[in-house]
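1. one predicted model, sequence on top.
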Amino acid sequence: MMRKIILPTILAVLGYGFWLSPDFKVITAGVAIFLFGMLALEEGFKAFTGGLLEKLLKRTTNKLWKSLSFGVVSTTLMQSSSLVSVITISFLSAGLISLTAGVGIIFGANLGTTTGAWLVAGLGLKVKISAYAMPMLVFGILLIFQKSKELKGIGYVLAGLGFLFLGIHYMKEGFEAFKDTIDLTAYAVEGYAGVFLFTLIGLFATVVMQSSHATLVLIITALSAQQITYENALALAIGANVGTTITAIIGSLSANFEGRRLAIAHLIFNATTGFVAILFIYQLTAAVDSVSAMIGIANDNYTLKLAVFHTIFNSIGVALMLPVIPAMVRFLQRVIRDDKASETSMPRYLNQAATGLPETTLAAVRQETLHLYDNAVGIIAGGLSLKLDDIHGSQPLEEVIFNSRNVIPTNIDQQYQDSVKSLYAAIVDFSSDYQGAMSSSQVEELFRLRAAGRDIVEAIKDTKHLQKNLSRYFLAENPYIQHEYNTIRMRLASVLRELHKVRNKKGNDSTIILSLDRLRLDMEEYDQNLNQSLSSLIRQKLINGPMSVSLMNDSGYASDVTRKLVMMGGTLFSHSDLTVKNIEQSLSLDDEELSEMMREQQKNAQRNRSDA
Amino acid sequence: MNIKKLIRKAEVMLQSEEEARKDKKIQIKKIIRKLRKHEKKLKHEYTECNDFEESRQIKQEIALAYNQRKKGIKMLKSLKKKK
């Protein structure tokens, strides 16, 4: 309802303003060009955010001060706290960073955004930036038409900067011309009433434009043309700071619970900072005066003083909120709960916010497939009549198998329906919907992840086939068949244990991922040995015909489970980047190469025996 | 960061097909090196291992690392040929 009223009202006010004053038209056109420049700039930076940002985020968010610095530096470079907060929500939703790291980045972005005021007040108003805008636009647009993703990105950044400069130029011109016809300072309001009124105006303007940067530039250009008073400009800047949280709030609407927590943290930070700034506005103004005098800013240079004010009040906000971050994170975790955590079949990472970048989309699919594996591995363990905790524990597997002499009733079909099928379907749907913007290597990785999901599902189905005879024979009176089936349980349990180890190994590099091939080799060897021992068991009439047929089929199922889980592990547990992951997959030995290797080993062993 | 590294980073930014291939070659070399190191470490473990089952597993892993390394060298050669 509100939306239906707000847009026509804004359009009507703008239309009336255009009719009333051509200068107003120039100013608003300047804002529109500036906002368009921001969009182009964001588009451009997205081309570079790929692997580089992912790597940077992983390295720079393990400590709070690092996250904070990351927020400051990235926002200073990209000149858009909105882009940084949206990217942070994407990474958080995809499970790539923790909430504390996300909060650190957002706080840092608040500090980083203050550099914008310095740039505009310090450079934008003193230099004729429109002269730089024209060549930037020409080169930028030329590069946008190039095929290379990187050149296109540079083109968008150049064009974006060009539009930003052009927008500032028009805003400046508009206010200069406006000065001759109307004096807006006549509408200035003094005292706390003015502070509250102009804070609200700043907040509203930022909510509408969804860019505190644009509001701030508007304030600075208006201030330089003396169309607003210095005191009212300070209040407008406070409002812009609170209003900027709208971008994160909108971004979090499509995010999971973590994204919503981050948006609320952002709101708490900016609202508290704004409140403190309003409360101590006169003390802050005095502080700005002394700092300005200290760094050589003239007393009447209000635009630069505004930049000083913006920096001081955001720094105070960070200093105030930094010590309470852990408490804030705990509070948010208590207030905004993960409703889906109890429902194992519900996707946890697949949400709209995670699709902001191809990398976050991939990360979300990977995390969700790991979630699928977590659900599946419990079913597989149950199918083997073993407890997952025992398999993942440190007790020798021989003991685990020996101690687990009861059938654990596991309805694989039911559990598959309850916690796997719909989750797998969600992964397939999600990965089909969001592969458009991906590069060929990213699409390849997406397919691999989907194949890993399929391997998990098929491993469950193979376990189901295996379960029927296994439950019957691992406790059978015939010690020979009992031994053979317990060997199968042992083999599969060792596969699950090894996968668990590899998954949790810190810094699991390519050699560890490639060493998973040993599990397949083990199973292959076991298959060969089984063929020999099976013939001897049948010959000596130690097991009957139906038993031998079951054993042959079930060892086949066990091999399939192993192969599928190892392939899945190679894809899901590797932390390498896409190029290295591709190489890992190519270096992993296929079935034929494994058989060839075994033949080679056997030949060597025979040669050694004959030599001896 | 030394100049050589900086140049390589700049090259990757402008990633043409040739650059991607160069990057792939460098990564393969790195993995081969890691595999060789891993193999050495395993050989050392093998000589000190007394447990039958464990030494059988280590032996298998040595053979695997060797074969994977050989496969990597083949890949590297075919990439060089393509040039």
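-> On my side now, so go ahead. Residues are numbered from 1 along each chain as shown, chains lettered A, B, ... in the order given.
2. give me the neighbour count for whichever residue of chain B sits closest to chain A.
-> In chain B, no residue comes nearer to chain A than residue B:38, which is 4.2 Å away by Cβ to the nearest Cβ. In short, each C-beta sits where N, CA and C put it, glycine included. Burial of residue B:38 is recorded as 22 neighbouring residues (other Cβ atoms under 10 Å in any protein chain shown).
3. chain neighbours aside, what residue packs nearest to it?
-> residue A:511 (4.2 Å; Cβ to Cβ, 6 or more residues apart in numbering or on different chains).
4. which residue, other than its chain neighbours, is closest to residue A:90?
-> Counting by Cβ to Cβ, 6+ apart, the residue nearest residue A:90 is residue A:356, at 3.4 Å.
5. residue numbers of chain A in contact with chain B?
-> Residues of chain A lying near chain B by Cβ under 8 Å from any Cβ of the partner chain: A:148, A:150, A:509-511, A:514-515, A:517-518, A:521-522, A:579-580, A:582-584, A:586-589, A:593, A:597, A:601.
6. so of those residues, which ones are in strands?
-> Judged by DSSP state E, the residues of chain A next to chain B include no members of strands.
7. return a ChimeraX selection command for the buried portion of these.
-> Command for ChimeraX that selects the buried part of these, burial taken from 16 or more other Cβ atoms under 10 Å in any protein chain shown:
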select /A:150,509,510,511,514,515,517,518,521,522,579,580,582,583,584,587,588,589,597
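8. hey, which helix or strand in chain A has the poorest pLDDT?
-> The weakest-scoring helix or strand in chain A, judged by mean pLDDT, DSSP states H and E, is helix A:50-60 (a mean of 67).
9. mind checking what helix or strand follows it in sequence?
-> helix A:64-78 (DSSP states H and E).
10. which outside residues touch the helix or strand hosting residue A:193?
-> In this structure, residue A:193 sits in helix A:191-209 according to DSSP H and E. Applying Cβ atoms under 8 Å, 6 or more residues apart in numbering or on different chains, the contact partners of helix A:191-209 are A:10, A:31, A:35, A:188-189, A:212, A:214-215, A:218-219, A:231-240, A:242-244, A:246, A:274, A:278, A:281.
11. next, the angle from the helix or strand following it to helix A:64-78.
-> Using DSSP H and E, the helix or strand that directly follows helix A:191-209 along the chain is helix A:212-224. Put simply, helix A:212-224 runs at 60 degrees to helix A:64-78, going by axes from the mean of the first three to the mean of the last three Cα atoms, to 10 degrees.
12. send the alpha carbons of helix A:212-224 over as PDB?
-> Provided in PDB are the C-alpha atoms of helix A:212-224 (Å, rounded to 0.1, in the frame of the first residue of the first chain):
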ATOM      1  CA  SER A 212      24.300   7.500   1.400                       C
ATOM      2  CA  HIS A 213      27.100   8.400  -1.000                       C
ATOM      3  CA  ALA A 214      24.700  10.200  -3.300                       C
ATOM      4  CA  THR A 215      23.000  12.000  -0.400                       C
ATOM      5  CA  LEU A 216      26.400  13.000   1.000                       C
ATOM      6  CA  VAL A 217      27.500  14.400  -2.400                       C
ATOM      7  CA  LEU A 218      24.200  16.300  -2.600                       C
ATOM      8  CA  ILE A 219      24.700  17.700   0.900                       C
ATOM      9  CA  ILE A 220      28.300  18.700   0.100                       C
ATOM     10  CA  THR A 221      27.500  20.400  -3.200                       C
ATOM     11  CA  ALA A 222      24.500  22.200  -1.600                       C
ATOM     12  CA  LEU A 223      26.800  23.300   1.300                       C
ATOM     13  CA  SER A 224      29.500  24.600  -1.000                       C
END
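13. check the offset of the helix holding residue A:193 from the chain's centre.
-> 33 Å (Cα atoms, centre = their mean, to the nearest Å).
14. list the buried residues of it.
-> Neighbour-count burial for helix A:191-209 [16+ other Cβ under 10 Å]: A:194-195, A:197-199, A:201-203, A:205-209.
15. and which of those residues is nearest chain B?
-> Nearest to chain B among the buried residues of helix A:191-209, with distances taken as Cβ to the nearest Cβ, is residue A:209, at 32.5 Å.
16. rounded mean pLDDT for stretch A:10-28, please.
-> Mean per-residue pLDDT for stretch A:10-28: 85.
17. tell me the residues of chain B that contact chain A?
-> B:13-16, B:20, B:23-24, B:27-28, B:31, B:34-35, B:37-38, B:57, B:60-61, B:63-65, B:67-68, B:71-72, B:75.
18. next step: the residues you listed restricted to helices.
-> Using DSSP state H, the subset of these located in helices is B:13, B:20, B:23-24, B:27-28, B:31, B:34-35, B:37-38, B:57, B:60-61, B:63-65, B:67-68, B:71-72, B:75.
19. re earlier: tabulate the buried residues of helix A:191-209 (TSV), appending distance to residue A:337 and pLDDT.
-> Shown next, in TSV, are the buried residues of helix A:191-209 (distance: Cβ to Cβ, whole Å; pLDDT from 0 to 100):
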residue	distance to residue A:337	pLDDT
A:194	42	81
A:195	37	84
A:197	38	87
A:198	38	87
A:199	33	89
A:201	37	88
A:202	34	87
A:203	29	88
A:205	35	83
A:206	30	83
A:207	28	81
A:208	33	76
A:209	34	75
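20. one step back: can you pull the contacts of the residue nearest to residue B:38?
-> Counting by Cβ under 8 Å, 6+ apart, residue A:511 has contacts B:31, B:34, B:35, B:37, B:38, B:65.
21. mark which of these are buried, thanks.
-> Using 16+ other Cβ under 10 Å, the buried ones in the contacts of residue A:511 are B:31, B:34, B:35, B:38, B:65.
22. so residue A:345, which state does it fall into?
-> coil (DSSP: H, G, I helix; E, B strand; the rest coil).
23. roughly how far apart are whatever residue of the stretch 151-300 of chain A ends up closest to chain B and residue A:251?
-> Closest residue of the stretch 151-300 of chain A to chain B, Cβ to the nearest Cβ: residue A:151 (8.1 Å). Look at residue A:151 and residue A:251: by Cβ to Cβ, to the nearest Å, they are 28 Å apart.
24. could you find the closest non-adjacent residue to the residue nearest in space to the middle of chain B?
-> Nearest to the geometric centre of chain B sits residue B:32, at 1.7 Å (Cα atoms, centre = their mean). In space, and not counting its chain neighbours, residue B:32 is closest to residue B:72: 4.5 Å by Cβ to Cβ, 6+ apart.
25. and the ones in helices among the residues of chain B next to chain A, which of them are buried?
-> B:24, B:27-28, B:31, B:34-35, B:38, B:57, B:60-61, B:63-65, B:67-68, B:71-72, B:75.
26. just checking, what packs against whichever helix or strand residue A:485 is part of?
-> Following DSSP H and E, the helix or strand that holds residue A:485 is helix A:479-504. When contacts are defined as 3 or more Cβ pairs under 8 Å, 6 or more residues apart in numbering or on different chains; DSSP states H and E, helix A:479-504 packs onto helix A:358-383, helix A:388-392, helix A:397-403, helix A:440-473, helix A:517-539, helix A:545-572.
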